[in-house]
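> please work out how this folds:
(chains A, B and C)
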Amino acid sequence: MAYNAYASSSKHTLDIPELQLPTNVAVPPPSPPPPAPPQVSTQARKETDFHRYLAGQSVMKSGLTRDQAEVNKIIADASKDSKFFKREREKDDLLVKRIEGLMRKKEELEKRANLPKLEKEANEIIAKLEATRDLSQKIVHVDLDAFYEARKYGVRSGMAGFIAKKLCPHLIFVKNNFADYSEASKQVREVLARYDENLAMAGLDEGYLNITPYMTLHDMSASDVVSHLRAAVEAETGLTISAGIAPNKLLAKICSDKNKPDGQFELEGDAKVVKAFMRDLPIRRVPGVGRVAERILSSMGVQTCGDVYTHRAVINLMDHHLGLQGLLKAYLGIGSSVVQPGRREERKSVGCERTFSDKSNETEILEMLEHIAQELESDLARTGFAGRCVCVKYKAHTYEVKTRQVSLNKFVNTAAEIYPHAKELLEKEFPLKIRLLGIRMTHLKDLQGPQGGLDKFLAESVPGRKKRLRSASQDPGDDIRVISSDEDDETHRRPSESASPQRKAMRMHRSPSLADAMNCPICGKTLKNGTTNVDLNRHIDSCLRATSPEVISDDEIEIVKVSRSAAQPSPVQKRSKQKVKAKPPDKLQNAFQLMMSGK
DNA sequence: GCGGATCAC
DNA sequence: TATGGTGATCCGC
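Alright, predicted model coming up:
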């Protein structure tokens, strides 16, 4: 069972300082290329970097009251001596080596590089990107507010419960209620859809809208529409949301963080304003730039989006490893303005995985594998897919993750067909001592095609036989991806070749959300259209039974706030409880019970 | 096509 | 004492 965590406190709206660009985090000052701080020893520097790395993903994404270095230290101390920590340390060492390799490579290439030429090329790309800039749309990113109180202490989603408790000793854990989240999310969605029927949800707690048509229709300004929209959401669901208004999704997402919680921020649709906005923005805030990319870019002197421009020649030189075009788009604040719900046929895989206490007994492991195969079967049935590639994943007790896959000559979707292949793959790996097992089906075929009669035909089709038509308007999304290959790169391309921006600078990905279907708030899977609440509850119950313990999950929505003494249900909680109550699984009846009341 | 890594939510 | 699950993408081979 997962838990929500809240620090008790009085009215949140008053305690939270305005979000500002982090001044208290371990990011070196912006703009002029910062030389390495001379007074800090290399060893101490590495340690700080590692602590930051360990602190995890979401840490640098938003502002924080508490000193981040202190938080990182607490996290590191609490983790010390664990296998998890040891593995993270190993990963960090590998990252350091990788960065060293990249630095050597950079110096090597710089010797023969024609930097003015590289800079000129970068300028040309910038000019081309500028020509594609679309400032005509008003895109809104909305984000449900959560973690008000605990956030101040450095508590983050994805954090282990016991670490959170260290950061915030009076933290109170509340068992979360995914059915209520789902219901609340649905209610919010219904309100939002009044402002843009093409609303694209990205998970339970955020979404994008294009309000341009609504503005025209009602002759309203963007900020008035969003104020209206937020008031409507709060009035009808009791939940507060934060919103960002900007000409594209990339900017809107960044903006929605600016006046969080329960606020909004609009970025004018003007190229100069946009660029000024991006210039001092930490590169880590750009979707797609995670903790690894942040470290790599930092080693190249890039901490802010503005630094991308400063270092454009060198980034061009290292294009293959860094992805020049994506970074230039971040610098320019250019992104997609297309808002559409994801399509069902865009799905690429269906998988199921479980964490458990370390297992080495082979019979037990295979039992677990079979259990997972069964769960996968029901997920495949529910989502209406079959696959022709079986991928087994396991995590050793050391936290090392491995995958093994096999392609089949037919599409399968039952445990009876999947398990034998999974078993064969896993048995080759024995002896094992593992803490996680998973199976994923890829190379999917949609059994739930638009024409029902076609299903049988497709079910018997052979790989390669049929190709699904891809949608013409593949929206690449806004994410930037920074790639760096291993250091052993024997073939030394000449700078001019390596600099070619056309090749593959742009590395993007997206995670489509599926339209018009119920998503299970636990496993995130899409339930068939027409699924009833009862079906949903049954599915959720089965998910809950297998949910792993006490990790603060990402998709949690703050529905209750808990004081030291009692939990006070919000309006939506009461309502949704009544609605879902028809047949609430036992587990859900215990929802919102205080688990650890910090006594 | 396979396996490792990274990222988002 | 103790660190999640699902899905996607990209790279090097």
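
> tell me who's in contact with A:Ser357.
A:Arg435 (CB atoms under 8 Å, 6 or more residues apart in numbering). Using the backbone N, CA and C atoms, a C-beta is placed for each residue, glycine as well.

> can you tell me the SS state at it?
Three-state assignment for A:Ser357 (DSSP: H, G, I helix; E, B strand; the rest coil): strand.

> look up how far A:His397 lies from it.
With distances taken as CB to CB, to the nearest Å, A:Ser357 is found 10 Å from A:His397.

> what's the answer for A:Ser79, then?
If you go by CB to CB, the gap between A:Ser79 and A:His397 works out to 16 Å.

> just A:Gln43 next, same as before
30 Å.

> name the residues of the stretch 51-200 of chain A found near DNA strand B, please.
A:Gln57, A:Lys91, A:Leu94, A:Leu95, A:Arg98, A:Gly158 (CB under 7 Å from any atom of the strand).

> can you pull the phi and psi angles for the fourth one?
Backbone torsions for A:Leu95, taken as degrees, to the nearest 10, come to phi -60, psi -40.

> before we move on, what about A:Gly207?
The phi/psi pair for A:Gly207 (degrees, to the nearest 10) reads phi -170, psi 160.

> for it, the count of nearby residues, please.
Other residues lying near A:Gly207 total 25 when counted by other CB atoms under 10 Å.

> list the contacts of the spatially closest residue to it that is not a sequence neighbour.
Nearest non-adjacent residue to A:Gly207, counting by CB to CB, 6 or more residues apart in numbering: A:Met201, 4.2 Å away. By CB under 8 Å, 6+ apart, the residues touching A:Met201 are A:Ser185, A:Arg189, A:Gly207, A:Pro341, A:Ser513.

> what's the pLDDT at the first one?
A:Ser185 carries a pLDDT value of 92.

> let me see the contact set for A:Arg388.
Contacts of A:Arg388 by CB under 8 Å, 6+ apart are A:Ser407, A:Leu408, A:Asn409, A:Lys410, A:Phe411, A:Val412, A:His443, A:Lys445, A:Pro463.

> among the contacts of A:Met201, which one sits closest to DNA strand B?
A:Ser513 (8.7 Å; CB to the nearest atom of the strand).

> tell me the confidence at that closest one?
Looking at A:Ser513, its pLDDT stands at 30.

> what do you get for A:Gly524?
41.

> is stretch A:288-299 anywhere near DNA strand B?
Yes - against DNA strand B, stretch A:288-299 shows contacts by CB under 7 Å from any atom of the strand at A:Gly288, A:Val289, A:Gly290, A:Arg291, A:Val292, A:Ala293, A:Glu294.

> now, the residues you listed that are in helices?
Cross-referencing the residues of stretch A:288-299 next to DNA strand B against helices under DSSP state H gives A:Arg291, A:Val292, A:Ala293, A:Glu294.

> please verify my assumption that the first one contacts A:Tyr53.
Just to be clear, that refers to A:Arg291. Yes - here A:Arg291 reaches A:Tyr53: they are 5.7 Å apart, a contact under CB atoms under 8 Å.

> follow-up on the earlier one: which neighbours do A:Ser357 and A:His397 share?
A:Arg435.

> sorry, back to before: which one of A:Gln43 and A:His397 has more residues nearby?
The residue with more neighbours, out of A:Gln43 and A:His397, is A:His397; 16 against 8, by other CB under 10 Å.

> just the pLDDT for that one.
98.

> picking that back up, which two among the contacts of A:Met201 are spaced furthest apart?
A:Ser185 and A:Pro341 (14.1 Å; CB to CB).

> neighbour count for those two, which is higher?
A:Ser185 (25 against 18).

> tell me the secondary structure at A:Glu197.
Criterion first, three-state DSSP; result for A:Glu197: coil.

> next up, phi/psi of the residue nearest to A:Gly207, please.
Phi and psi for A:Met201, reported as degrees, to the nearest 10, are phi -80, psi 140.

> now the helices: where do they sit in the stretch 251-400 of chain A?
A:271-279, A:291-299, A:305-310, A:312-317, A:319-322, A:324-332, A:362-383 (DSSP state H, counting those that start in this stretch).

> for the ones you listed, give me a markdown table that also has distance to DNA strand C.
Listed next are the helices of the stretch 251-400 of chain A as a markdown table, based on distance: least, CB to the nearest atom of the strand, whole Å:
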| stretch | distance to DNA strand C |
| --- | --- |
| helix A:271-279 | 22 |
| helix A:291-299 | 12 |
| helix A:305-310 | 18 |
| helix A:312-317 | 15 |
| helix A:319-322 | 6 |
| helix A:324-332 | 10 |
| helix A:362-383 | 7 |
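
> among these, which comes closest to A:Ala127?
The closest of those to A:Ala127 is helix A:324-332. By CB to CB, the value is 10.4 Å.

> and the closest one, what does it pack onto?
Here helix A:324-332 touches helix A:115-132, helix A:271-279, helix A:305-310, helix A:312-317, going by 3 or more CB pairs under 8 Å, 6 or more residues apart in numbering; DSSP states H and E.
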